[in-house]
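# could you work out the structure for the sequence below:
(one chain, ligands or ions: 2)
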Amino acid sequence: MKNIIEIKNLSKKFVDGTEALSSVNLDIHDGEIIALLGPNGAGKTTLISAVCGITNMSSGSVKVAGFDVKKDYRKTRSIIGLVPQEIALQPFEKVIDVVRYTRNLFGFKNDDKYIEDILKRLLLWEKKDKRIVELSGGMKRRVIIAKALSHNPKILFLDEPTAGVDVDLRIDMWQLIKEIRAKGTTIILTTHYIEEAQEIADRISIINKGKILLTEKKTELIEKMGQKVISIELSEAINHTKYSDEFDIINDAESNQHVIHYNYLKSDKNFDRFITILKNDGHVINNIETKEKSLEEIFLDIVSK
Ligand SMILES: Nc1ncnc2c1ncn2[C@@H]1O[C@H](COP(=O)(O)OP(=O)(O)O)[C@@H](O)[C@H]1O
Ligand SMILES: [Mg+2]
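Numbers count the residues shown, from 1 in each chain. Ligands and ions are numbered 1, 2, ... in the order given. I've put the predicted structure just below:
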């Protein structure tokens, strides 16, 4: 796995003493979608700003495609597209001009074919001569992404791309992000929506109070942390207390007496025996349901520790 970004012992202390990042280590793989997941104030925007060279780091180092972001700022910045958290567009400019202008800012010559491709891909080609004020909210977001892609970057940062966006538009954005990745662009997005990380990321890095708590493949994170609840429905009522000493049974007197909830940890050795004992006691199993922990539950577990 090739790393396209390498962040080593990155710390950032603002002049007022706020320690926004403390000793962050993170490798970003070429071609992946990684979500930086954390609550407000966790340090997500500061981390992006340091990688993009917008904020000076207090200590540590960041390499982008092998180049140091301080020493080779122009080089590294030209490889990166950034969709910032706070978005501002010139209201009376035309879509196509806004995108062309951004490309020129990075020192790249006009490339009408490339700009056309980008606008078509973002479903903006028909709107290319419209002024920004004439666009819907969703289209404006697409223009911001078109700007970020205007110089054909290898890496795209999206800082809270769907904050304050309605559900339809959010799903649209997810689709779009997946399409951009399919073209080979590495994507780093920040979010405080667990659902978003769960939906589109290959890997998830959980950040809280300036520290990375863990970075894992999404599937492994869910599996590793994942405990399942197995609900077994029996044909007759069951005496829960008879089993709760020996097995990890969720005991609530309120629950349906025909159903027993078993807390299953990864590679549980007892489950098979539990079923055998139920059978030996004369119980007949009507149905079995399993429920995995959601990323939300996992996240709360990690952050509260
Ligand atoms: N320019 C600044 N001066 C002082 N503190 C700041 C500044 N920018 C951000 N912070 C603080 O740094 C911490 C991390 O902020 P930020 O990176 O914006 O978090 P996030 O993007 O995860 O919400 C917060 O405590 C925030 O208040
Ligand atoms: Mg932020």
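# which bits of the stretch 51-200 of the chain sit near ligand 2?
Residues of the stretch 51-200 of the chain found near ligand 2 (Cβ under 5 Å from the ion) are Gln85. Backbone N, C-alpha and C define where each C-beta goes, glycine included.
# and the residue of the stretch 51-200 of the chain nearest ligand 1?
Proximity of the stretch 51-200 of the chain to ligand 1 (Cβ to the nearest ligand atom) peaks at Thr190, 6.4 Å away.
# assign that residue to helix, strand or coil.
Here Thr190 takes the strand state, with states given by DSSP: H, G, I helix; E, B strand; the rest coil.
# tell me the bridge partners for the one residue sitting closest to the centre of the chain.
The chain has Ala35 as the residue nearest its centroid, 2.5 Å off, counting by Cα atoms, centre = their mean. Here Ala35 shows beta-bridge partners Leu189, Ile204, assigned using DSSP bridges.
# show me the contacts for it.
Shown in contact with Ala35 (Cβ atoms under 8 Å, 6 or more residues apart in numbering): 189-191, 196-197, 200-201, 203-205.
# and these as TSV, adding neighbour count and pLDDT?
Converted to TSV, the contacts of Ala35 look like this (neighbours: other Cβ atoms under 10 Å; pLDDT from 0 to 100):
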residue	neighbour count	pLDDT
Leu189	26	97
Thr190	26	96
Thr191	24	93
Glu196	23	91
Ala197	27	91
Ile200	20	94
Ala201	24	96
Arg203	20	97
Ile204	25	95
Ser205	23	96
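# which among those gets closest to ligand 2?
The nearest member of the contacts of Ala35 to ligand 2, counting by Cβ to the ion, is Thr190 at 6.2 Å.
# for the closest one, what are its contacts?
35-38, 44-45, 47-48, 85, 158-160.
# how far away is Ile194 from Ala201?
Distance of Ile194 to Ala201, computed by Cβ to Cβ, to the nearest Å: 10 Å.
# with Lys279 instead?
42 Å.
# same question, Ile96
Relative to Ala201, and taking Cβ to Cβ, Ile96 is found at 32 Å.
# could you do Gly31 as well?
Look at Gly31 and Ala201: by Cβ to Cβ, they are 13 Å apart.
# find the closest residue to ligand 2 in the stretch 1-150 of the chain.
Thr45 (3.2 Å).
# helices or strands next to the helix or strand hosting that residue in the packing?
Assigned by DSSP states H and E, Thr45 belongs to helix 44-51. Contacts defined by 3 or more Cβ pairs under 8 Å, 6 or more residues apart in numbering; DSSP states H and E place helix 44-51 against strand 3-13, strand 19-29, strand 33-37, strand 59-64, strand 155-159, strand 186-191.
# flag every residue of this protein that's near ligand 1.
14, 16, 18, 20, 38, 40-46 (Cβ under 6 Å from any ligand atom).
# buried subset of those residues as a PyMOL selection?
This is the PyMOL syntax for the buried subset of the residues of the chain next to ligand 1, where burial follows 16 or more other Cβ atoms under 10 Å:
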select buried, resi 20+38+42+43+44+45+46
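# can you say which two of the residues of the chain next to ligand 1 are spatially most distant?
Farthest-apart pair in the residues of the chain next to ligand 1 is Asp16 and Gly38; separation 20.8 Å (Cβ to Cβ).
# Phe67 - how many residues pack around it?
16 (other Cβ atoms under 10 Å).
# so who does it touch?
75-76.
# tell me the bridge partners for it.
On the basis of DSSP bridges, Phe67 is bridged to Val64.
# where do the strands sit along this structure?
With DSSP state E as the criterion, the chain has strands at 3-13, 19-29, 33-37, 59-64, 67-68, 80-83, 155-159, 186-191, 203-208, 211-217, 228-234, 249-250, 259-264, 285-292.
# right, I'll leave it there.
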